[in-house]
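[1] Below are the sequence and a predicted model; questions follow.
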Amino acid sequence: MWLSIRLPLLPLETLCKSVPLSEKNHTSQTQKPQAVIEDNLIFCANQAACEKGIKISQTIASAFTFCDSIQLFERNQSQEQQQLNNLALLLYSFSPSVAIEENAILLVEIVHSLKLFHGLENLLSSLKETLDKESISYRLAIGHTPKSAEILSFMPLDYSLKVWQNKQQKIVFSELEQRLSDLPVELMNISPKAIAQIQSIGAKKLGELTKLPEKSIRKRFGEEVSHYLLKLYNKLPDPKDYFIPPENFLQRLEFIDVIHHRQGLLFPIKRLIKDLCRFLTVKQKNCQCLHWELFDSEKNMIGFDVLIADSRINDKVYVELTQLHLEHYTLHAPIEAISLTVNKMHELNAQNKQLFEDSGDFKQTTTFINKIQAKLGNDSCYQLQQKSEHIPELASCQVAEISNASYQVEKIPNNIEKVQNNISIENNLPRPSWLLEKPEKIRFNQRKLLWHGELKIISSQERITNYWWKKKVARDYFLAEHDNGTIYWVFYDLLRKQWFLHGVYS
């Protein structure tokens, strides 16, 4: 069983995707005639334009003759395909079997989804609610084959629903054949030449055509018409190439009117981030970096990265951080297009939350870290990554991109560690939260340790030896208390016969 979603105004609505909803609602209320052109011919027109006499395949000159106030836009096929891909992702919550067809049609195999949604009525209700949020024009229809659902979508939904038996949850095929036979032959998805040949023999409806023997149809009109009818009535297989979400996210919006200020970019940014969040949800992944590119009318490009540390998919955070980054740039020319690319992704980690969760300190959240980076630059913050080294200054390294993703530490066999490290486990000292980038020498006058005052040893030693095969390290570490009460981590280098200060305790 198949569901067809026809998008009659997709070429026009795609071009208006970067326009705020308030402006689009105002446009629909005032009913401005609008049309999309391709090769100097009308390709798509809204209802207001059709009421003025505008027709598909009409020349531009003829269109202005009927309506001198009509707004014409050049067709953008790449942006149409991008919108179809976004809608296909949206339909993944209803069925994994989604096919994108020509003429802006989406086909969804729903036979296995009826049980999930407890019937066709609930499925259609949920689907309508989802599509209405996208502010698009659409027509729905059901059928037992892809071709039947596709051709029935030219009619209102109730027309195809008459073939559905709700109690037994199945299609009544006798009723379906009757519905199909009443459709005009010009609705068939075949060449205009083939349709003209069919009409030349006086056949105006499908029922009149199907009365002819199948051999006669093939002989008169060729295999195109014959195969179409066989697939329409499920007498010939009609396999589909199902949509597969891409591995990376890349989308671009080209504006109908250029944008002169940063605030005007807010709506297209929100639209792209909305599409990104949908993509991440379907892929069950999270992103670490958003790469934005702005293209102006002088062929210049502004590119910047927005680092993401939050492990959750959060559109509000993405928008806010992008706006903070935009504050660093001045628009020297009107912006014509904007693109968003995400290549670095990791698996989405499910987190268990407490029933009564503390709000926590705002400054400790990863979002606050991202805000600092947006204000001061991406190099202003970093996190430490643990490494399988026992020498303190080698036990961690800086990671530029902050993330909640867990970093794995390389494991070393226990027997190798015992050979390399001569450590007294009982006397292991707690590591300080702050290590100096380079240990500083401490003066020793045979009685006291002096470093901006006197240091007193307050712990037993912890001996660390390592790298005997390379440049040997041999140190005795101690806790030392300063005159001002600060606790330091100091060591005596057994090889260099010198005291050093290595860390500071909080």
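    Happy to help now that I have it. Source: prediction; values computed, not measured.
[2] going forward, measure contacts and count neighbours with C-alpha atoms only.
    Noted.
[3] quick one, phi/psi of the residue nearest to Leu187 when sequence neighbours are not counted?
    Once flanking residues are discounted, Leu187 sits nearest to Ile151: 6.4 Å by Cα to Cα, 6 or more residues apart in numbering. Reported as degrees, to the nearest 10, the phi and psi values for Ile151 are phi -70, psi -30.
[4] what bridges to Tyr242?
    Ala99 (DSSP bridges).
[5] quick one: low-confidence parts of the stretch 401-506 of the chain?
    Low-confidence segments of the stretch 401-506 of the chain (pLDDT under 70): 401-429, 467-471.
[6] Can you verify my assumption that the residue nearest to Leu187 contacts Met188?
    Yes: under the criterion of Cα atoms under 8 Å, Ile151 makes contact with Met188 at 6.6 Å.
[7] still on that earlier bit, how many neighbours does the residue nearest to Leu187 have?
    22 (other Cα atoms under 10 Å).
[8] ditto for Leu236
    Counted by other Cα under 10 Å, the residues lying close to Leu236 total 12.
[9] try the one 3 residues further on
    For Pro239, the count of nearby residues is 8 (other Cα under 10 Å).
[10] That one and Thr65, how far apart?
    For Pro239, the distance to Thr65 equals 45 Å [Cα to Cα, to the nearest Å].
[11] now do Ala149
    From Ala149 over to Thr65 the distance is 37 Å, taken as Cα to Cα.
[12] what about the two, which has more around it?
    Set Ala149 next to Thr65 and count neighbours by other Cα under 10 Å: Ala149 wins out with 24 against 14.
[13] CA atoms only: put stretch 337-351 into PDB for me.
    What follows is stretch 337-351, C-alpha atoms only, in PDB (Å, rounded to 0.1, in the frame of the first residue of the first chain):
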ATOM      1  CA  ALA A 337      23.100  33.200  -0.300                       C
ATOM      2  CA  ILE A 338      24.100  31.300   2.800                       C
ATOM      3  CA  SER A 339      25.200  27.700   3.300                       C
ATOM      4  CA  LEU A 340      25.600  25.400   6.300                       C
ATOM      5  CA  THR A 341      28.000  22.400   6.300                       C
ATOM      6  CA  VAL A 342      28.500  19.800   9.000                       C
ATOM      7  CA  ASN A 343      31.100  17.100   8.600                       C
ATOM      8  CA  LYS A 344      32.300  16.300  12.100                       C
ATOM      9  CA  MET A 345      29.700  14.200  13.800                       C
ATOM     10  CA  HIS A 346      29.600  11.600  16.600                       C
ATOM     11  CA  GLU A 347      27.100   9.100  17.900                       C
ATOM     12  CA  LEU A 348      24.400  10.600  20.000                       C
ATOM     13  CA  ASN A 349      24.800   9.600  23.600                       C
ATOM     14  CA  ALA A 350      21.600   8.900  25.500                       C
ATOM     15  CA  GLN A 351      21.700  10.500  28.900                       C
END
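[14] got a list of contacts for that stretch?
    Stretch 337-351 has contacts (Cα atoms under 8 Å, 6 or more residues apart in numbering) with 248-255, 268, 272, 284-296, 311-312, 405.
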